[in-house]
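Chemist: dropping a prediction and its sequence here:
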Amino acid sequence: MMPKRSVLKGGSAQYYKLTKAHDDGYIDLQFQRPPPKVPYKAILLATVLFSIGTILLVVGALLLSGNISAEYADRTWPVLIIGALMFIPGAYHVRIAYYAYKGYDGYSYDDIPEFD
């Protein structure tokens, strides 16, 4: 038989406070999250993608605008496309890593895929 519970009313829900005699074998520590594991390899890869993508986008933009004379003008668009393909995921994961490091709500190192 269950021990008698006292009813606490809070808003639209009713909460039951268990008496000390009832022990279900759980402790509060097992429901706490362990400290986050920082995926250093993935953050390094994201930083490299972000850096190389930025460089390629700048070079492609300078080639497209004519500030850099291009002997082979047909290579301008591939440089821009490859730069964008590297910049977008790199910037996204670097941003997540930065916000997780700063401790913003909703951002965690768990959102960055690991490469183990």
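Modeler: Received it, and whenever you're ready, just let me know what you need.
Chemist: from here on, contacts and neighbour counts on C-alpha atoms
Modeler: OK.
Chemist: need the contact list for residue 43.
Modeler: Listed by C-alpha atoms under 8 Å, 6 or more residues apart in numbering, the contact set of residue 43 reads 93, 94, 97, 112.
Chemist: just the residues you listed: which are in helices?
Modeler: 93, 94, 97 (DSSP state H).
Chemist: Serialize those to JSON lines and add fields for neighbour count.
Modeler: Listed next are these as JSON lines, based on neighbours: other C-alpha atoms under 10 Å:
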{"residue": "93", "neighbour count": "22"}
{"residue": "94", "neighbour count": "21"}
{"residue": "97", "neighbour count": "25"}
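Chemist: and of the residues you listed, the nearest to residue 44?
Modeler: residue 94 (8.9 Å; C-alpha to C-alpha).
Chemist: pLDDT at the closest one, what is it?
Modeler: On pLDDT, residue 94 comes in at 97.
Chemist: surely it and residue 46 touch.
Modeler: Yes. Between residue 94 and residue 46 there is a contact at 6.0 Å, judged by C-alpha atoms under 8 Å.
Chemist: show me what counts as buried in stretch 63-73.
Modeler: By neighbour count with 16 or more other C-alpha atoms under 10 Å, stretch 63-73 contains the buried residues 63, 64.
Chemist: return that stretch as PDB; C-alpha atoms alone will do.
Modeler: Only the C-alpha atoms of stretch 63-73 are listed here, as PDB (Å, rounded to 0.1, in the frame of the first residue of the first chain):
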ATOM      1  CA  LEU A  63      37.900  37.900 -59.800                       C
ATOM      2  CA  LEU A  64      34.300  38.500 -60.700                       C
ATOM      3  CA  SER A  65      34.600  42.300 -60.100                       C
ATOM      4  CA  GLY A  66      37.800  42.500 -62.200                       C
ATOM      5  CA  ASN A  67      40.100  43.800 -59.400                       C
ATOM      6  CA  ILE A  68      42.200  40.700 -60.000                       C
ATOM      7  CA  SER A  69      43.000  40.200 -63.600                       C
ATOM      8  CA  ALA A  70      42.000  36.700 -64.500                       C
ATOM      9  CA  GLU A  71      43.800  34.900 -67.300                       C
ATOM     10  CA  TYR A  72      41.300  32.100 -67.000                       C
ATOM     11  CA  ALA A  73      38.000  33.800 -66.400                       C
END
